[in-house]
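Asker: fold the following for me, if possible:
(2 chains)
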Amino acid sequence: MTALTLALLVPWAAGLALVVLDGRRRAVAWTSVAALAATLAVLAVLAADVLRGGAVEYVTGGWPAGVGIVLRADALGVTFALLSASVVLVAAAGEAVVAVRERTFPGLLVLLAAGLNGLFLTGDVFNFYVFFEMAMIAAYVLTAYGAQRAQLRAAVIFASVNLLGSFVFLLAVAGTYRVTGTLAMSDVAVRIAEVPASAAVAVAVGFFVAFSVKLGLFPFHYWLPTVYADTRPAVAAVLSGAVANIGAYGLLRFGAGIFTDQLRFSATVLIVLGAASIVYGGVLAVARRRPAEMLAYSAIGQVGYVLVAVGVGGPVGLAAAVLYSVVNALNKTLLFLTTAVRGPLVAGTFVVGALSVAGVPPAVGFVGKLAVFRTAVDARSPTLVALLVLGSALSLLYLFLIYQREFWAEDDDEVSAAGDDARGEHTRSMSLRAIIVALALVLLVGGIWPEPLAALSAAAADSLAAEANGAAR
Amino acid sequence: MTLAIAAVAAVLFGTGSYLLLQRSLVRVVAGIALISQCAIVTIIGSSLSEGRAAIDPEQGGPLSDPLPQALALTALVIGMGTLALLLALVHRVVVAHGTAERDELRDVDRPAVSEPEGAGRRAGDETE
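Answerer: Below you'll find the predicted structure:
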């Protein structure tokens, strides 16, 4: 319980204090890194508690349950919270070792972590919305980081599209309250079974649209390439590695945890959309020239795998969805960070990231791909398996196209002059490279020793199944 | 009453969507503001009950549901905050790009990005 409240209070208090300080000063930037590290440590303690003794609950303000807002940490929530906090920490450290360009950047990263922790660790639908907006507001401002024209344009696009998504979410929350008369997730899951099918589906579709916009799934992806490609690498890493987790977590929590019947009802639609995402993202990524843009389309393709796994469902499918979300977030963080630096060492880490995205053994992506393939085989659909293979082949193709253009080019300056680089200068900072190499090593170790990750995602899927079963009883 | 609220929400969402599709960024912001109001009206409509405020209940009398009111207040505050942020962003865009038209943002493109801001602004003016 203490760990649960601390996981929210530490980044919140630290973030508020850091936002008013000048983040361009080294000390402030490193304080924010320390605050994020402390958050991560608290989350690790909380995760150990949850994995050992089951979900941790805390009702705010000492109210009886049902009146007070419930904070609830289960395996799924802590998995995503740990993942997002690590990604934000890596991005903050990466920016701190080079030079922070704007005064609010470190503080906003910490506040983003606070918002993300809050939404992953809440048991209340409306409270989810509040933390969600808190995280998103930080993300809107972070998108404009750098304040060049491209970034400002990206921020306006990102903010307007995602605000629309947020309000669709709010409409769905209102609908939930209307049809179930409660906002606590566990009660909603119970009462939704008695709601007329049409009303329940309408609410579920609202949630699905809201999270798909966050995630950048195929028909809702239009904002994503511009935003990911035009923001600075550290921000793109945070957006794809931490903020996009909101979408994946939301699909799992609301889809598989609360609207189980509606999810089963629409499984085919989800699988078709997921497959469309995979192919669309892959094909367009091959067709692009700038690395950041290719990675952005790759992100659209990769989330398709998560949606397919959610659509197939069952313990195997949900575990695969969690596993793949984790793997994908780490891959994208690594790859977006490598677009900022050059050198032989970075080329090596890029290859690790590329192999991981494509699902080639030594990297952790293999474990994720394997889980999704197993899901597809379980679903007894040869078409689906073929599409997944096609997606993997495409990802290998576009990633090595990037590799060839970016790292085999004899002279980096020539490449930049050719207009490949829109983000200004590449840094040659040694310490930034060290961070990237460390992240690549994590991906490799995760691939060689995947048991902890597999156990974590299985526990997360179990916690979802328990929630759904609790509702059925 | 529920019908009236639903109609108001529908009109707000419709006009909001229409504005969202306009070329001017200021209108886009206005559209988002209207859609946020639509969400708040929907929240209020999600539990309409006549009665006294929950803070001063009458013994055995009807009570109005306080929860949607609390939600609406929270959502209003968040909505206002995001709106202010969005307007500030649009202002920054107008300063940097020299235009508030969405399509013209697309025209001023990549090579200018690494240039100093002043040079970029001049290029933006030329496209007008």
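Asker: and chain A, which residues reach chain B?
Answerer: A:126, A:129-130, A:133, A:137, A:140-141, A:144, A:147-150, A:152-153, A:155-156, A:159-160, A:163-164, A:166-167, A:170-171, A:173-175, A:177-178, A:181, A:183, A:419, A:422-425 (CB under 8 Å from any CB of the partner chain). Placement of C-beta: from N, CA and C, glycine included.
Asker: can you turn the buried part of the residues you listed into a PyMOL selection?
Answerer: Entered in PyMOL, the line below selects the buried ones among the residues of chain A next to chain B, by 16 or more other CB atoms under 10 Å in any protein chain shown:
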select buried, chain A and resi 126+129+130+133+137+140+141+144+148+149+150+152+153+155+156+159+160+163+164+166+167+170+171+173+174+175+177+178+183+422+423
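Asker: how distant is stretch A:392-405 from the center of its chain?
Answerer: How far stretch A:392-405 lies from its chain's middle: 22 Å, per CA atoms, centre = their mean, to the nearest Å.
Asker: could you find the closest non-adjacent residue to residue 12?
Answerer: No chain in the question, so chain A it is. In this structure, residue A:12 finds its nearest non-sequential neighbour in residue A:114, 4.3 Å apart by CB to CB, 6 or more residues apart in numbering or on different chains.
Asker: sorry, should have said chain B
Answerer: Leaving aside its sequence neighbours, residue B:12 sits nearest to residue B:38 (CB to CB, 6+ apart; 3.7 Å).
Asker: what is the neighbour count of that neighbour?
Answerer: By the criterion of other CB atoms under 10 Å in any protein chain shown, residue B:38 has 24 neighbours.
Asker: ok, then the element right after the helix or strand hosting it?
Answerer: Using DSSP states H and E, residue B:38 falls within helix B:25-45. Counting by DSSP H and E, the next helix or strand C-terminal to helix B:25-45 is helix B:66-97.
Asker: briefly note if that next one comes near chain A.
Answerer: Yes: judged by CB under 8 Å from any CB, helix B:66-97 and chain A are in contact via B:67-68, B:71, B:74-75, B:78, B:81-82, B:85-86, B:89-90, B:92-93, B:96-97.
Asker: one step back: the residue nearest to residue A:12 belongs to a helix, doesn't it?
Answerer: Yes: counting by DSSP: H, G, I helix; E, B strand; the rest coil, residue A:114 is located in a helix.
Asker: please name the residues that touch it.
Answerer: Contacts for residue A:114 (CB atoms under 8 Å, 6 or more residues apart in numbering or on different chains) come out as A:8, A:11, A:12, A:15, A:39, A:134, A:135.
Asker: cool, and residue A:102?
Answerer: A:23, A:24, A:145, A:146, A:147.
Asker: for the last one, what are phi and psi?
Answerer: For residue A:147, the backbone dihedrals (degrees, to the nearest 10) come out as phi 60, psi 30.
Asker: check it and give its pLDDT.
Answerer: Turning to residue A:147, the model gives it a pLDDT of 74.
Asker: C-terminal to the worst-scoring helix or strand of chain A on mean pLDDT, what's the next element?
Answerer: Using mean pLDDT, DSSP states H and E, helix A:412-415 stands out as the lowest-scoring helix or strand of chain A, at a mean of 48. Using DSSP H and E, the helix or strand that follows helix A:412-415 in sequence is helix A:430-448.
Asker: nearest spatial neighbour of the spatially most central residue of chain B, chain-adjacent residues omitted?
Answerer: Nearest to the geometric centre of chain B sits residue B:33, at 2.4 Å (CA atoms, centre = their mean). Nearest non-adjacent residue to residue B:33, counting by CB to CB, 6+ apart: residue B:83, 5.4 Å away.
Asker: cool, and residue A:109?
Answerer: In space, and not counting its chain neighbours, residue A:109 is closest to residue A:92: 4.8 Å by CB to CB, 6+ apart.
Asker: run a quick neighbour tally on the one you found.
Answerer: Residues lying near residue A:92 (other CB under 10 Å) number 27.
Asker: from what I see, it and residue A:30 are in contact.
Answerer: No: when contacts are counted by CB atoms under 8 Å, residue A:92 is not listed as touching residue A:30 (9.3 Å).
Asker: mind checking the SS state of residue A:58?
Answerer: strand.
Asker: rewinding a little: by neighbours, which of the contacts of residue A:114 wins?
Answerer: residue A:11 (31 neighbours).
Asker: what sits against that one?
Answerer: Residue A:11 sits next to A:35, A:36, A:39, A:110, A:111, A:113, A:114, A:117 when contact means CB under 8 Å, 6+ apart.
Asker: just the buried residues of those.
Answerer: Buried members of the contacts of residue A:11, scored by 16+ other CB under 10 Å, are A:35, A:36, A:39, A:110, A:111, A:113, A:114, A:117.
Asker: quick one on the thing from earlier: mind checking which of the contacts of residue A:102 land in helices?
Answerer: Residues of the contacts of residue A:102 located in helices (DSSP state H): none.
Asker: report the buried residues of stretch A:352-365.
Answerer: Going by neighbour count (16+ other CB under 10 Å), the buried part of stretch A:352-365 is A:352, A:353, A:354, A:355, A:356, A:357, A:358, A:359, A:360, A:363, A:364, A:365.
Asker: cool, and stretch A:455-466?
Answerer: In terms of neighbour count (16+ other CB under 10 Å), stretch A:455-466 has its buried residues at A:456, A:457, A:458, A:459, A:460, A:461, A:462, A:463, A:464, A:465.
Asker: how about those residues in TSV, adding pLDDT and secondary structure?
Answerer: Listed next are these as TSV, based on pLDDT from 0 to 100; DSSP: H, G, I helix; E, B strand; the rest coil:
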residue	pLDDT	secondary structure
A:456	86	helix
A:457	86	helix
A:458	86	helix
A:459	86	helix
A:460	85	helix
A:461	85	helix
A:462	84	helix
A:463	83	helix
A:464	82	helix
A:465	80	helix
